[in-house]
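Novice: Task: produce atomic coordinates for the following.
(chains A and B)
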Amino acid sequence: MRRTYYAYPYLVWMAIFIVVPLFLLLFYTFTVTTEEGIRFTLQHINRIWEPIYLTVLLRSILLALICTVICLLIGYPVALILSGKEYSQNKILALLFVIPMWINFLVRTYAWMNLLGKNGVIDMVMNFLHLPSLQLLYTDYAVVLGMVYNFLPFMVLPIYSVLTKMDKSIIEAAQDLGADYITVLKRIIVPLSMPGVISGITMVFMPAVTTFIISRLLGGGQYILIGNLIEQQFIVVGDWHFGSAISFVLTIIILITMGIMRKYDKDYEGGAIW
Amino acid sequence: MVGRVIKRIYLYLIFLFLYAPIVLLVVYSFNESRSMGRWRGFTLKWYAELFKDTEVLRALYNTLAVAVLSAVIATVIGTAAAIGIHEMGRIKKAIVMNLTYLPVINPDIVTGVSLMLLFVFTKSFTGIGLGFFTMLLAHITFNIPYVILSVMPKLKQLDRHIYEAALDLGATPFYALRKIIIPQIMPGIVTGLLLAFTLSIDDFVISFFTTGSGVSNIAIYVYSMARRGINPKINALSTIMFVTVLALLLIVNKRVSKDNPKPKEDMR
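Specialist: Below is the predicted model of the structure:
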């Protein structure tokens, strides 16, 4: 009956490749090597609260939040439509959502540079219509657009997955009992799809808050988000201690977010058992 | 049906948004001109150059090898783990699931950086330097949680009674697992496998930090090209990958729908 030992290989794997590396990260965050040897310090953490770095941190969070909300607003109806009666037989459509993900995101992001940039496709269309050209590239809009484009499938797929597995007879029962579509949506479909929504939000927010490629390509060289800062510290500056410290703070912020999300997940879990 | 028309238009708009940049890339891979902004006539020269470039071919091989190996290994470990975790007591389950969420929630960049620290740290006694093998280990590591997260919702929705009925009828637990649980969570497992393969191919950040000099994948290759200004060869390369993957996916999709005739839909 009890099959918990199925998880053991995973637990061992996790210990070696997730727990140990995080301890190494902590070690670098809180130590400094001096002539007398290695000693404990908070100097790397304290550096993050300097205004330059704090601004970067807050801007990263804000842009990621905007991206997540847009993905949810666009993505939920898509999942709903795809899993609905008219399209549920049509697996090709769901597949069409996965395919863009198979193209490398660097290339996908680069394609947007050519759409948004000077003499790009959008620019040409605007010129053709005798409208003023939009300077979209190297703005916040371009960065958010790039994020939404890259991460939208991560919002749609988990919600779609839960919605297709959902027992459709519950909806029919509600309709038989006189509920209109809005009520069914509010009282049945949305609550039951919550595990998918939670997965979707996590899967979008996480890469969005830390991306350094999208901000580099669509935001321009001067555009710095938290991800760019970490990459700089490890690859360019070579300050592994400060790099680790930023990574540590980022992880803490995200763990707090995770705690909030888990709480909602539990609330809905209770509701889903009927 | 106004609702139906609105739904259709909405889907078309989303697909336009998703596919316009890709179509543009494919079209411009046949462009005579080096710059993407202008069309200067049809050519296949970028494809020809691609197959002469051993660096590209090696990067392509690395990408595919890592993607296939890591997706398969992660799906096996992850599915078993999901079944195991599902059976755990409340507190143990909460601890393990929180740890599982860690690499998912944890930024790619943090996972990459911390794995880099691990591999550099262990090099002195394992002798394994940063390269193909460390990249594969890293990919398996970040893929497993996605498999678990794909399978877990399906396990939550499972009807326990069917499994118990099978046991009552004399099935061994392993037989019941194979015949009752696995088929029911199969959509989740396949989603997990596809997601793992996709994420592995798509990954740049973790590969970037966990591979050594000389070993690159397509993403790292593209990144190094992008810093020098993107070459139309990359367009040609993505077109080939796009077409190959599309063909593969269509085959997989056909197989899946043949294996699982939809009994639920037939009932209605």
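Novice: okay, CA-based contacts and neighbour counts for the rest of this
Specialist: OK.
Novice: Where does the prediction get shaky in the stretch 1-150 of chain A?
Specialist: Low-confidence segments of the stretch 1-150 of chain A (pLDDT under 70): A:1-2, A:88, A:102, A:117-120.
Novice: ok, now the stretch 1-150 of chain B?
Specialist: B:1, B:35-38, B:105.
Novice: can we see that at 80?
Specialist: Applying pLDDT under 80 to the stretch 1-150 of chain B flags the ranges B:1-2, B:25, B:33-40, B:101-107.
Novice: What separates the first and last residues of stretch B:174-181, distance-wise?
Specialist: Start-to-end span of stretch B:174-181 (Cα to Cα, to the nearest Å) is 10 Å.
Novice: and the residue of the stretch 51-200 of chain A found nearest chain B, how many neighbours does it have?
Specialist: In the stretch 51-200 of chain A, the residue that lies nearest chain B is residue A:104 (5.0 Å; Cα to the nearest Cα). Around residue A:104 there are 23 other residues, counting by other Cα atoms under 10 Å in any protein chain shown.
Novice: Which residues of the stretch 101-250 of chain A lie near chain B?
Specialist: Applying Cα under 8 Å from any Cα of the partner chain, we find that the stretch 101-250 of chain A lies next to chain B at A:101-108, A:111-112, A:114-115, A:119-121, A:149, A:158, A:161-162, A:165, A:195-196, A:199, A:202-203, A:206-207, A:209-210, A:227, A:230-231, A:234, A:244, A:247.
Novice: Ramachandran angles for residue A:40?
Specialist: phi -70, psi 140 (degrees, to the nearest 10).
Novice: and it, what does it touch?
Specialist: Residues near residue A:40 by Cα atoms under 8 Å, 6 or more residues apart in numbering or on different chains: A:30, A:31, A:32.
Novice: 6 Å instead, please
Specialist: The contact partners of residue A:40, by Cα atoms under 6 Å, 6 or more residues apart in numbering or on different chains, come to A:30, A:31.
Novice: Send me the one helix or strand residue A:113 maps to as CSV with only the CA atoms.
Specialist: Residue A:113 belongs to helix A:105-116 when assigned by DSSP states H and E. Presented in CSV, the C-alpha positions along helix A:105-116 are these (Å, rounded to 0.1, in the frame of the first residue of the first chain):
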residue,chain,number,x,y,z
PHE,A,105,14.1,31.7,-26.5
LEU,A,106,17.2,33.6,-27.5
VAL,A,107,16.1,33.3,-31.1
ARG,A,108,12.5,34.1,-30.3
THR,A,109,13.6,37.2,-28.4
TYR,A,110,15.8,38.2,-31.2
ALA,A,111,12.9,37.9,-33.6
TRP,A,112,11.1,40.5,-31.5
MET,A,113,14.0,42.9,-31.9
ASN,A,114,13.4,42.8,-35.6
LEU,A,115,9.7,43.3,-35.2
LEU,A,116,10.0,46.2,-32.8
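Novice: got the angle for the helix or strand just after it vs helix A:105-116?
Specialist: Remark: after helix A:105-116, the chain's next helix or strand is helix A:121-128, criterion DSSP H and E. With axes from the mean of the first three to the mean of the last three Cα atoms, to 10 degrees as the basis, helix A:121-128 and helix A:105-116 are set at 10 degrees to each other.
Novice: what does helix A:121-128 contact?
Specialist: In contact with helix A:121-128 (Cα under 6 Å, 6+ apart) are residues A:115, A:116, A:133.
Novice: And what about the last one, helix, strand or coil?
Specialist: This points to residue A:133. Assigned by DSSP: H, G, I helix; E, B strand; the rest coil, the conformation of residue A:133 is coil.
Novice: ok, it - contacts?
Specialist: Going by Cα under 6 Å, 6+ apart, residue A:133 touches A:123, A:126.
Novice: The residue nearest the centre of chain B is in what secondary structure piece?
Specialist: For chain B, residue B:198 is the residue whose C-alpha lies nearest the centre (Cα atoms, centre = their mean; 2.2 Å). According to DSSP H and E, residue B:198 maps onto helix B:182-202.
Novice: what do you get for residue A:32?
Specialist: Assigned by DSSP H and E, residue A:32 belongs to strand A:31-34.
Novice: If you count neighbours, what's buried in that strand?
Specialist: A:31, A:32 (16 or more other Cα atoms under 10 Å in any protein chain shown).
Novice: State the phi and psi torsions of the residue lying farthest from the centre of chain A.
Specialist: Largest separation from the mean C-alpha position in chain A: residue A:36, at 43.0 Å (Cα atoms, centre = their mean). Residue A:36 adopts backbone torsions of phi -80, psi -10, taken as degrees, to the nearest 10.
Novice: what does the stretch 151-268 of chain B have sitting close to chain A?
Specialist: B:198, B:202 (Cα under 6 Å from any Cα of the partner chain).
Novice: Of all the residues in the stretch 151-268 of chain B, which one is nearest chain A?
Specialist: Minimum separation of the stretch 151-268 of chain B from chain A (Cα to the nearest Cα) falls at residue B:202, amounting to 5.0 Å.
Novice: Going by residue numbers, what spans are helices in chain B?
Specialist: Assigned helices in chain B, in chain order: B:2-28, B:45-52, B:54-86, B:90-105, B:108-126, B:132-157, B:160-168, B:173-176, B:182-202, B:205-210, B:218-227, B:232-259, B:263-267 (criterion: DSSP state H).
Novice: Would you quantify the distance from the residue of the stretch 51-200 of chain A closest to chain B to residue B:200?
Specialist: 10 Å.
Novice: Over to residue A:244?
Specialist: Residue A:244 is 24 Å from residue B:200, by Cα to Cα.
Novice: Likewise for residue B:206?
Specialist: From residue B:206 across to residue B:200, the span is 10 Å (Cα to Cα).
Novice: Give me the common contacts of the two.
Specialist: Residues touching both residue B:206 and residue B:200 by Cα under 6 Å, 6+ apart: none at all.
Novice: who has more neighbours, these two?
Specialist: The neighbour comparison of residue B:206 against residue B:200 (other Cα under 10 Å) goes to residue B:200, with 27 against 23.
Novice: ok, so what distance separates that one from residue B:66?
Specialist: For residue B:200 relative to residue B:66 (Cα to Cα), the value is 7 Å.
Novice: Repeat that for residue A:126.
Specialist: 43 Å.
Novice: more crowded one of these two?
Specialist: residue B:66 (22 against 14).
Novice: which ones are touching the more buried one?
Specialist: Neighbour list for residue B:66: residue B:136 [criterion: Cα under 6 Å, 6+ apart].
Novice: make it 8 Å
Specialist: B:135, B:136, B:139, B:200.
Novice: where does the last one land on pLDDT?
Specialist: As predicted, residue B:200 sits at a pLDDT of 87.
Novice: Now do residue B:241, the pLDDT please.
Specialist: Note for residue B:241: predicted pLDDT of 70.
Novice: Give me the number of neighbouring residues for the closest residue to it other than its chain neighbours.
Specialist: Closest residue in space to residue B:241, ignoring its immediate chain neighbours: residue A:103 at 7.4 Å, by Cα to Cα, 6 or more residues apart in numbering or on different chains. Residues lying near residue A:103 (other Cα under 10 Å) number 19.
Novice: quick one: residue A:103 and residue B:243 touch, right?
Specialist: No: using Cα atoms under 8 Å, residue A:103 is not in contact with residue B:243; the gap is 10.2 Å.
Novice: Show residues contacting the strand holding residue A:32.
Specialist: Outside strand A:31-34, the residues that touch it by Cα under 8 Å, 6+ apart are A:38, A:39, A:40, A:41, A:42, A:241.
Novice: Quick check: the gap between the fifth one and residue A:28.
Specialist: What that stands for is residue A:42. Look at residue A:42 and residue A:28: by Cα to Cα, they are 11 Å apart.
Novice: For these two, indicate the residue with more neighbours.
Specialist: Between residue A:42 and residue A:28, counted using other Cα under 10 Å, residue A:28 has the larger neighbour count: 24 against 12.
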